[in-house]
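Undergrad: turn this into a structure:
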Amino acid sequence: MSNEWWKTLSLFLWFYNTSATAVLLVYFAGICRMAEHKFGGRTLYFLLPVFFVLMGASTLIYSMSDSIVAIKLWYAVWPMISGLILLVVVYRAYRLMMGR
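TA: Numbers count the residues shown, from 1 in each chain. Sure thing, here's the model as predicted:
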């Protein structure tokens with residue numbers, strides 16, 4: 001019973017983090033679309049929802065589990081894949097806006 005307040009706090013912080021990430025991703029998607037229209041290239045911004053789902057699911061699993069799940073390979077791969085997806089989108093937007 002003494003662990004319930006910690007799970008409630010963890011779920012609240014997960015929701016806050018996910019909401020803030022969603023707002024930033026919408027802002028960044030707008031920047032990517034503007035760059036595509038202005039510079040005439042592809043930024044792959046359609047991968048941002050995939051990043052959001054993978055990162056949201058993995059952080060929810062981490063915040064709600066009773067044990068350390070980062071040592072299990074199946075759960076540890078999700079944040080890595082979502083981080084690589086975000087890296088690809090940011091790199092493509094950077095290359096497009098810098099004219100390279």
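
Undergrad: mind listing the helices for the chain?
TA: Assigned by DSSP state H, the helices in the chain fall at 4-39, 48-64, 73-98.

Undergrad: helices or strands up against the first one?
TA: The reference is to helix 4-39. Using 3 or more C-beta pairs under 8 Å, 6 or more residues apart in numbering; DSSP states H and E, the elements in contact with helix 4-39 are helix 48-64, helix 73-98. Where C-beta positions appear, they are placed from N, C-alpha and C, glycine not excepted.

Undergrad: okay, now Cys66: neighbour count?
TA: Actually, residue 66 is Asp rather than Cys. 7 (other C-beta atoms under 10 Å).

Undergrad: list the contacts for it?
TA: Residues near Asp66 by C-beta atoms under 8 Å, 6 or more residues apart in numbering: none.

Undergrad: and it, how far from Trp6?
TA: 11 Å (C-beta to C-beta, to the nearest Å).

Undergrad: what's the most buried one of the helices and strands packed on helix 4-39?
TA: The highest mean neighbour count among these, using mean count of other C-beta atoms under 10 Å, belongs to helix 48-64: a mean of 17.

Undergrad: got the helices and strands packed on helix 4-39 as a markdown table, with distance to Leu24 and mean pLDDT columns?
TA: Formatted as a markdown table, those follow (distance: least, C-beta to C-beta, whole Å; pLDDT from 0 to 100):
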| stretch | distance to Leu24 | mean pLDDT |
| --- | --- | --- |
| helix 48-64 | 10 | 89 |
| helix 73-98 | 11 | 89 |
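
Undergrad: now tabulate those in CSV and tack on distance to Ala22.
TA: Below are those laid out as CSV (distance: least, C-beta to C-beta, whole Å):
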stretch, distance to Ala22
helix 48-64, 6
helix 73-98, 13
